[in-house]
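1. the sequence isn't on hand, but the structure is:
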Ligand code: HEM
Ligand SMILES: Nc1ncnc2c1ncn2[C@@H]1O[C@H](COP(=O)(O)OP(=O)(O)OP(=O)(O)O)[C@@H](O)[C@H]1O
Ligand SMILES: Nc1ncnc2c1ncn2[C@@H]1O[C@H](COP(=O)(O)OP(=O)(O)OP(=O)(O)O)[C@@H](O)[C@H]1O
Ligand SMILES: [Mg+2]
Ligand SMILES: [Mg+2]
């Protein structure tokens, strides 16, 4: 049987563990990103077709991956909230959404800026680009729905329902390039077609940005837990003020 | 460093990326500070109320 | 100052809620409008405030009113509090102070501080009003009465969701306002604890009976 | 049949409204849930109806329930009437009869006629429900109880806006339902005029006291 | 009469009696379409070319914005609570209501489309195909929309938020609806593939959307 | 601080704190614009040509649908009643609120327009003119819209009805906004005439709309 206090104990343990882990994750992210940037700008060769514009790849591709990973985290957390009613799941879903949205935006913008020199236009309406745009809309929808409900517990659960409805977008993004013949690069997923001189920096950048994502997610969850504690304390203060004031009559 | 004819696009995309991710990091950090301060404030008020009786009342 | 209603008739939808009602309220006097549910108390207060145009009769003001109409000389406090959840208690009140009376920042903030501590909300000044309890929100709404000076107070069941302490506080405030030459018209089911109020009893059919014995 | 709540705890928002409440309601017995405003009466009824998932504890049914859950075996009558203004009284009831129990047109229309005359609405059968008064609408909502047979009745302040005659009628209906082996759980501020009801008194803190002396 | 049918019939009756709802949706459709030539200039050739797309998108918006009332009314008057304790699963109740919305709003909008097409110089030969794709695609609109309507039942900023939540889900319907029309212009082959996917999208929505919508409604009743 | 400014400042503060409202409007704008290429096909030349019209019409819809909250919130919490008994005439209060809506919603939408234009292959050279016409024209949107929002304050189905009432009033703004852009493409002459009429329309709305909106609000308070 779980009471309110027992449920609060769980986030407390999360706070302890995440506080210990956060500096290490942050440091790891910084190291990997710094090393990747060194490789990108001073070591990696230009592509024989794309020239130096291939440097955009090292931020574009990790952004695109993290955009999808972010939604996966939201979806898994939503599932955890609706099915197991885990109190941290809602915190996780809420914290992951803006981070995922930011990386989706980054993928869209860097992709557009890559598209102009490569395809001659900032934007084409092909399946992958469109599906990433839809992903961005879904993120916006999640954030907007949550913020337009006053009851936070209800807002979390309804947002979770929406997140699960939208989860169909992930396979569409992933396989859109294979299903429809489009301008965009098909998924190579580190098969041998990519030269190691470009694969290594991409891999290192991807690890670095993923660590950054994790660090931001942990910090975001901590912030949210603090916010909820503040709210609880303030509500207690408000009730207390009410009691003290009422006592004046007696 | 020579980034060829499309240098502007490369720099623009890195700049946009840094702006977006930087804003995200900055906001997360700032929000953390704000919540921590608010929690301290709320804690302090709670403690004060409990240890010392309020000025006008506290017969509850 | 003197507020006089002359053969007032007010209709809501197809019903005549108040018919041929005349009464006078004087400065320094509290007029309590009483009567059963649906008697037309709210309707009367809102008619005086100028929200509902009467279908016959007039409400007029005599005395030093510098040609302003009743609405502008009145504080109307109805069932809703006029409090924004996303502003702090102090911000809410500061807005109403500036909106209702203007004045520079320092003057506004003095008035707000005074009003908040008067209504026992000083400790909660910087909390978002959405966190306040129903009674506290209600008090925040009533605090408007003290941030802007208005000769006429129109109150519709002002004690709803107030506890004993707040009710007493409000009664004191009303008494003070009356002593300063103010005029209070309040719809209420409770005696409010005022000294010598006048009662205006509305009947089930809008017939009125204005006498000291008509008290609830 | 026997409805048993076991160590029930229900939270609303951050507050624990009902904590560790256990009680049993038996077929043929009326359980009246009483207590001050905010004690959690509505919360309890809605929890039994399955709208609010309890944070701890279970509510279980024993007896011949053919494996259906409590919600499906219950009539829930809350503060809202479930009446559509743009349908006539008869159409409203016919819809609920068909929706709650199905059946062919003739059967439905018989049930509707019977229920309408039972609740004194026979003359108003073809009036758009929007024109009915608050009490008449309420009766139309209650008439649902008699167009579909359900062993459990969950009533939340069923006498609100009912006059004396209708209250009596409702009491009779409840008594009849109990006599037929039904089970009634009602939140109420009034005694309802039932013979020997059991009282479940909810305190300000959700503490419960189940005894005949606990009656209001 | 079965509960499902009873609810369906009630919702249709109400839609007919509260005729203004349908009128408002049709009026909105009309005016959005009428604004386009004003915004794009009166080049008839251009208009005729983009007409199917315009008609589809305006129809999406009109159907969408008429959706919130689907559950709001039942929530406000307490019908939803009674439905949640009835033998008919809430999922089927939602399906019945979405179906009623389809019949009472989406179908009239689809039938109005070719008429508005005249204003946009739509090729008359396309009109039957246009209506056919709309009839095949709009069930997805009504059913997916019901999820959005259920999610935003208690939300502030109803209309705009609903659109933001639901329009992304409508994109496949839009894409295949338009591509079916495009193929019909050229030959039969691609048309039947697109039309099949369009219908499949609708069927999938009809099957899955009520589950999500019912879950959202249950959460809000608590 | 003057009452007018106090109200303006409060509405802006609320808009910032309830940031999601603006986000929802921007998101709606984005998604409506994004649906068009999906409906019209990815022909970039065609898109570039119709882009200004599309951007204008979608902006109208987004601004419009974000309007109802402007008065609803104040009505629900009783602020409107207090404002009706304050020294500041209700007309000026309405003007202050419409101005706040313009600053907090219409301006961000106008600034987003050229970014969305990129997706529609809008000629970059037009972008400044587009934004200029939108800035000149959107006051009419916010102020005329406030009349609609005031009229539909208590109506159910707010959004759709509001759109039906107000969109016809937006037509002059749309026509002159578009024609100003068209002229700017060719030469300066016609542009300044259209731009002047556009600005005049806005000024007239700013002057007259608050009177109508305040009258509508007073009726609903009674
Ligand atoms: C706004 C436009 C763009 C968007 C939304 C976008 C989206 C994506 C996404 C979602 C992925 C991850 C795919 C996966 O892991 O399966 C990806 C990968 C990739 N993108 Fe883009 N992209 C855009 C523009 C471009 C452009 C212009 C290029 C270069 C010509 C490009 C080259 C790549 C490459 C090389 C990969 C890695 C593929 C792999 O190895 O898996 N993208 N993009
Ligand atoms: N907008 C309206 N349209 C039609 N009738 C109305 C309207 N508002 C109120 N009424 C009717 O007018 C009568 C008087 O209502 P009013 O609210 O003034 O009563 P009251 O004395 O304030 O009652 P209470 O003590 O319940 O507050 C009631 O019968 C009510 O039904
Ligand atoms: N949705 C909710 N969110 C948070 N708190 C709630 C919610 N609903 C009710 N409460 C709180 O739960 C408590 C119990 O409410 P409930 O409605 O069950 O009381 P009640 O016994 O039915 O009172 P009444 O006699 O006034 O009907 C109250 O303090 C109320 O404020
Ligand atoms: Mg009243
Ligand atoms: Mg109750």
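-> Yes, it's here. Predicted model only: the values in this text are computed from it and were never measured. Ligands and ions are numbered 1, 2, ... in the order given.
2. whichever strand or helix holds residue B:22 packs against which elements?
-> Per DSSP states H and E, residue B:22 falls inside helix B:7-51. Judged by 3 or more CB pairs under 8 Å, 6 or more residues apart in numbering or on different chains; DSSP states H and E, the packing partners of helix B:7-51 are helix A:57-79, helix A:87-119, helix A:196-247. No exception for glycine: its C-beta is placed from N, CA and C like everyone else's.
3. the helix or strand harbouring residue C:16 pairs with which strands?
-> Per DSSP H and E, residue C:16 falls inside strand C:15-26. If you go by DSSP bridges, strand C:15-26 pairs up with strand C:2-12 (antiparallel).
4. the residue of chain E found nearest chain D - nearest residue in space that isn't next to it in sequence?
-> Nearest to chain D, among the residues of chain E, is residue E:78, at 2.5 Å (CB to the nearest CB). Distances taken as CB to CB, 6 or more residues apart in numbering or on different chains place residue D:80 nearest to residue E:78, at 2.5 Å, with adjacent residues excluded.
5. so that neighbour lies in a strand, does it not?
-> No - secondary structure of residue D:80 (DSSP: H, G, I helix; E, B strand; the rest coil): coil, not part of a strand.
6. can you report how many residues neighbour residue 127?
-> By default, I'm working from chain A. 20 (other CB atoms under 10 Å in any protein chain shown).
7. to clarify, I was referring to chain E.
-> Summarising burial for residue E:127: neighbours were counted as other CB under 10 Å, giving 16.
8. any idea which helix or strand carries the most centrally placed residue in chain C?
-> In chain C, the centroid-proximal residue (CA atoms, centre = their mean) is residue C:155; its distance is 2.3 Å. Secondary structure assignment for residue C:155, by DSSP H and E: strand C:152-156.
9. contacting residues around that strand?
-> By CB atoms under 8 Å, 6 or more residues apart in numbering or on different chains, the residues outside strand C:152-156 that reach it are C:1, C:3, C:41-42, C:45-46, C:48-49, C:70, C:73-79, C:145, C:174, C:177, C:182-188.
10. elements contacting the helix or strand just after it?
-> Moving toward the C-terminus from strand C:152-156, the next helix or strand (DSSP H and E) is helix C:164-179. Secondary-structure packing of helix C:164-179 (3+ CB pairs under 8 Å, 6+ apart): helix A:196-247, helix C:134-142, helix C:144-147, strand C:183-187.
11. please identify the deepest-packed of the ones you listed.
-> strand C:183-187 (a mean of 25; mean count of other CB atoms under 10 Å in any protein chain shown).
12. the residue nearest to residue E:78 reaches residue E:77, doesn't it?
-> Yes - using CB atoms under 8 Å, residue D:80 is in contact with residue E:77, at 5.8 Å.
13. looking at chain E, which residue is nearest ligand 2?
-> Residue nearest to ligand 2 within chain E: residue E:76 (17.6 Å; CB to the nearest ligand atom).
14. how about that residue: what's its closest non-neighbour residue?
-> Closest to residue E:76 by CB to CB, 6+ apart is residue D:80, at 7.6 Å.
15. what about that neighbour, neighbour count?
-> Neighbour number of residue D:80 under other CB under 10 Å is 17.
16. got it, and residue E:46?
-> 17.
17. residue A:235 and residue A:228, how far apart?
-> 11 Å (CB to CB, to the nearest Å).
18. what's the answer for residue E:66, then?
-> Distance from residue E:66 to residue A:228, by CB to CB: 38 Å.
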